[in-house]
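[1] Dropping the sequence and predicted coords here.
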Amino acid sequence: MDTDASALRSLAQTYFDAAYEMDADKFASIFHPSSSVTKVAEDGAVNVTPIATWLAAVHNIKAPKQQGFERDDRILSIDVERELALLKVTLQIPPRSVTDLLSCLKVNGSWTIVQKVMTSKV
């Protein structure tokens, strides 16, 4: 489990780096190709976005790093059960504070994100 927790902390760090740099390729390296991003829209509807569509949108977001913002990213919890893990993380993508639940599976010996469920506030 310590090895898994260490690998998941590394995955989270890559996730934080990708978010700070808004680097779609870096995000793609840690998301499973069939994964998706889920959130509640302003109108209350649940939006499920395929990862390829979400990654394309990342290209249009100005990176916090480019804007000179300081990082504030933290792992809130890691829960592992065999090949399943849940990471709860928080980070800043100004003007928003984001909390993500990253569902991960260990596939062929490596952890990958298979679902991102998110919420944010200004």
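    Happy to help now that I have it. Residues are numbered from 1 along each chain as shown.
[2] Centre-most residue in the protein?
    The centre of the chain sits closest to Tyr15, judged by Cα atoms, centre = their mean, with a distance of 5.4 Å.
[3] Find the nearest non-adjacent residue to Lys26, please.
    Leaving out its chain neighbours, the residue that sits closest to Lys26 by Cβ to Cβ, 6 or more residues apart in numbering is Ala18, at 3.8 Å. The C-beta positions use only the backbone N, C-alpha and C, and glycine is treated the same way.
[4] go on, Asp17?
    The nearest residue in space to Asp17 (Cβ to Cβ, 6+ apart) is Lys26, at 6.3 Å.
[5] and the residue nearest to Lys26, that one's in a helix?
    Yes - assignment of Ala18 by DSSP: H, G, I helix; E, B strand; the rest coil places it within a helix.
[6] if I look at Gln13, how far off is Ala19?
    11 Å (Cβ to Cβ, to the nearest Å).
[7] out of these two, which sits in the more crowded spot?
    The residue with more neighbours, out of Gln13 and Ala19, is Ala19; 24 against 13, by other Cβ atoms under 10 Å.
[8] Does the more buried one touch Ile93 like I think?
    Yes - at 6.2 Å, Ala19 and Ile93 qualify as touching, with contact defined as Cβ atoms under 8 Å.
[9] and for these two, which residues touch both?
    Counting by Cβ atoms under 8 Å, 6 or more residues apart in numbering, the residues touching both Ala19 and Ile93 are Pro64.
[10] ok so, going back, number of residues surrounding the residue nearest to Asp17?
    Lys26: 16 neighbours (other Cβ under 10 Å).
[11] send the alpha carbons of the strand or helix carrying it over as PDB?
    Lys26 is part of helix 24-28, with elements assigned from DSSP states H and E. Only the C-alpha atoms of helix 24-28 are listed here, as PDB (Å, rounded to 0.1, in the frame of the first residue of the first chain):
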ATOM      1  CA  ALA A  24      -3.100  19.000 -22.200                       C
ATOM      2  CA  ASP A  25      -0.400  16.500 -23.100                       C
ATOM      3  CA  LYS A  26       0.700  16.200 -19.400                       C
ATOM      4  CA  PHE A  27      -3.000  15.700 -18.400                       C
ATOM      5  CA  ALA A  28      -3.400  13.100 -21.200                       C
END
